[in-house]
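Colleague: Quick one, structure for this:
(2 chains)
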Amino acid sequence: MKHHFLDQYSNLRSPVHALDPRVKIITLFSFLFFVIFTPITQAPKFALYGTLVFSTILISRIPLEFVLKRSLVIVPFVLLVAIGLPFLGSGDAAGSYNISIFRITHSALLIFLNVLVKSWLCVLSMIVLTATTPFPKLLNGFQRLKLPKIFIMILSFMYRFIFIFIDEFGRMRRARDARAPSLGRIQHIKIVGCMIGTLFVRSYERGERVYTAMRSRGFNGEIKLTRELEFKRSDAFFFTSFFSLLTLILGVA
Amino acid sequence: MKAIEIKNLHYTYPDGTKALRGVNLDVERGGSICLIGPNGSGKSTLLLHLNDILQPQRGHVRVLGMNLRKKTKEVRSKVGLVFQNPDDQMFMPTVFEDVAFGPVNMGLSEWEVKMRVRKALKAVGLERFENRSSHHLSYGEKKRVAIATVLSMEPEILVLDEPTLALDPWLKKEFMKLLKKLKKHHTMVMAGHDLDLMKLCNLTYLLDDGKIVKEIGKKSEIFK
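Modeller: Numbers count the residues shown, from 1 in each chain, chains lettered A, B, ... in the order given. Below you'll find the model as predicted:
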């Protein structure tokens, strides 16, 4: 079975896709830095940051719907902050937002907005990075930027085997459904528990076999990786212009 | 000098399963042998000894005259072990990295690694697969890449565990052709249940209950 949920649009052709992954990673981190350290009270700057991200999305030709759907990942976190709103901040009550005994203050609302806007912008930019870069290239970029090799190796294995585990789980689920089509909720949960246990044991055994295969090809515990990247003029141009725009936005009064 | 010399090899797994009970086997350089036997007869355990993944508990194994314990690194570059399941053999995100894994561990230069990857992929008929993600390949392609992952180390001996397992008749036919081609340049040891593998080999041995029971000439002799 073919899975695409990690890098579904990474093989499209666009100027953003063609960039060196190192440049994209550094640009992303600069963007995160600027967004996080801009006070939430300066709303126009956030509008401009948003414009910058959405322009990049448009240039990259990734469907906007896909990006927006993916960005919903922040909802649980934002809701968690929203629950705490009545207990956050101090100062004046924020008018009609008061619900019975709960009193929501202006500063609490600002905290909420701070989390909502910044995390959304950050997640959007990360989606652009991951959706425009094939995962192996992304790892390549991180490797060249000196992320410890052990992390690269763990992420490589994750990328290689996550689909196999998904398929394995799918097969187990089919086998379960074939023999027990209608189960009660409790029974269902029990069986899923057993399936997860089985999957763990199978993964462990697979790990042993993979390690054997690695040893048989000369692996002695030292991780050596080879990946090549090419820094082009367009990369320099992209980074300089993006960084200049960020600085310009920060400078806007 | 023989390619492989095995004398009185015994191996018992930690859970007490006696996998090998005194195996004796010689393989000439350039020869090809097939080990046929039922499940649990010790075929895979025997193959793991040829690459020093498992060490003899009694008896000894010599590969190209080398003592495996003393020359592990050299032995592993001379013996290419291809596992049953290609998903165990291919653990890197892209085909290139998987095929390059062995040469990189041998300490070759980047240029040489690249050349070897290209040559190995060409040998299995997958020239343009370098940048493909391993999980996007079909089963037949994975089987071929699994062979390329060891060919890139330029081994003298190819050891294949169940090479035709789970291949449909059409893929199997193609795969047998590939094995026949590889046989010309390598000493080959194959293990499996597929009796068609016998056609590719000079000698076939029947392994049962951890021992080589007999040498077989024809398929019909197996069941006697």
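Colleague: Nearest to chain B: which residue in the stretch 1-150 of chain A?
Modeller: Going by C-beta to the nearest C-beta, chain B is nearest to residue A:136 of the stretch 1-150 of chain A, at 4.1 Å. Where C-beta positions appear, they are placed from N, C-alpha and C, glycine not excepted.
Colleague: Listing request: residues of the chain with sub-threshold pLDDT.
Modeller: All of this refers to chain A. For chain A, residues meeting the criterion pLDDT under 70 lie at A:1-5, A:86, A:88-103, A:225-227, A:253.
Colleague: That was the other one, I meant chain B.
Modeller: Using pLDDT under 70, chain B drops low at B:218-224.
Colleague: For it, which segments are assigned as strands?
Modeller: For chain B, the strands defined by DSSP state E cover B:4-12, B:18-27, B:32-36, B:58-63, B:66-67, B:79-82, B:157-161, B:187-192, B:203-208, B:211-216.
Colleague: Columns mean neighbour count on top of those strands, output as TSV?
Modeller: Below are those laid out as TSV (neighbours: other C-beta atoms under 10 Å in any protein chain shown):
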stretch	mean neighbour count
strand B:4-12	18
strand B:18-27	18
strand B:32-36	23
strand B:58-63	19
strand B:66-67	15
strand B:79-82	25
strand B:157-161	24
strand B:187-192	25
strand B:203-208	19
strand B:211-216	16
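Colleague: what sits against residue B:157?
Modeller: B:3-4, B:27, B:50, B:63-64, B:78-80, B:186-189 (C-beta atoms under 8 Å, 6 or more residues apart in numbering or on different chains).
Colleague: Same list (the strands of chain B) but as JSON lines, adding distance to residue A:241.
Modeller: Formatted as JSON lines, the strands of chain B follow (distance: least, C-beta to C-beta, whole Å):
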{"stretch": "strand B:4-12", "distance to residue A:241": "63"}
{"stretch": "strand B:18-27", "distance to residue A:241": "64"}
{"stretch": "strand B:32-36", "distance to residue A:241": "62"}
{"stretch": "strand B:58-63", "distance to residue A:241": "59"}
{"stretch": "strand B:66-67", "distance to residue A:241": "60"}
{"stretch": "strand B:79-82", "distance to residue A:241": "50"}
{"stretch": "strand B:157-161", "distance to residue A:241": "53"}
{"stretch": "strand B:187-192", "distance to residue A:241": "58"}
{"stretch": "strand B:203-208", "distance to residue A:241": "67"}
{"stretch": "strand B:211-216", "distance to residue A:241": "71"}
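Colleague: on that earlier part again, what is the burial count for the residue of the stretch 1-150 of chain A closest to chain B?
Modeller: The number of residues packed near residue A:136 is 24, by other C-beta atoms under 10 Å in any protein chain shown.
Colleague: Quick check, it in contact with residue B:95.
Modeller: No: Residue A:136 is not in contact with residue B:95 according to C-beta atoms under 8 Å; the separation is 10.1 Å.
Colleague: Over in the stretch 151-253 of chain A, which residue gets nearest chain B? Let me know.
Modeller: residue A:218 (3.5 Å).
Colleague: Is that residue in a helix, a strand, or coil?
Modeller: coil (DSSP: H, G, I helix; E, B strand; the rest coil).
Colleague: buried residues in whatever helix or strand residue A:236 lives in?
Modeller: Using DSSP states H and E, residue A:236 falls within helix A:233-251. Neighbour counts over helix A:233-251 (16 or more other C-beta atoms under 10 Å in any protein chain shown) mark A:235, A:238-239, A:242, A:245-246, A:249 as buried.
Colleague: Just name the closest of those residues to residue B:175, please.
Modeller: The nearest member of the buried residues of helix A:233-251 to residue B:175, counting by C-beta to C-beta, is residue A:235 at 43.0 Å.
Colleague: I'd say residue B:85 and residue A:205 touch.
Modeller: No: the pair residue B:85 / residue A:205 is not scored as a contact, 11.0 Å apart, by C-beta under 8 Å.
Colleague: of the two, who's got more company?
Modeller: Between residue B:85 and residue A:205, counting by other C-beta under 10 Å, residue B:85 is the more crowded of the two (19 against 11).
Colleague: would the residue of the stretch 1-150 of chain A closest to chain B count as being in a helix?
Modeller: Yes: according to three-state DSSP, residue A:136 belongs to a helix.
Colleague: Spatially nearest residue to it (excluding sequence neighbours)?
Modeller: residue B:93 (4.1 Å; C-beta to C-beta, 6 or more residues apart in numbering or on different chains).
Colleague: contacting residues for the one you found?
Modeller: Counted by C-beta under 8 Å, 6+ apart, residue B:93 has contacts A:135-136, A:139, A:156, A:159-160, B:133-134.
Colleague: Which two among these are spaced furthest apart?
Modeller: With C-beta to C-beta as the measure, no two of the contacts of residue B:93 lie farther apart than A:139 and B:134, at 13.5 Å.
Colleague: more neighbours, these two?
Modeller: Each of residue A:139 and residue B:134 has its neighbours counted (other C-beta under 10 Å); residue B:134 has more, 28 against 24.
Colleague: Show me what the strand or helix carrying residue A:111 is packed against.
Modeller: Element membership for residue A:111 (DSSP H and E) is helix A:106-132. The contact analysis (3 or more C-beta pairs under 8 Å, 6 or more residues apart in numbering or on different chains; DSSP states H and E) places helix A:106-132 against helix A:21-36, helix A:43-60, helix A:64-71, helix A:75-83.
Colleague: Make CSV out of the ones you listed and add distance to residue B:159 and mean neighbour count.
Modeller: Shown next, in CSV, are the helices and strands packed on helix A:106-132 (distance: least, C-beta to C-beta, whole Å; neighbours: other C-beta atoms under 10 Å in any protein chain shown):
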stretch, distance to residue B:159, mean neighbour count
helix A:21-36, 38, 18
helix A:43-60, 47, 16
helix A:64-71, 45, 14
helix A:75-83, 51, 12
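Colleague: any chance of those helices in CSV, with distance to chain B too?
Modeller: Listed next are the helices and strands packed on helix A:106-132 as CSV, based on distance: least, C-beta to the nearest C-beta, whole Å:
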stretch, distance to chain B
helix A:21-36, 13
helix A:43-60, 20
helix A:64-71, 20
helix A:75-83, 29
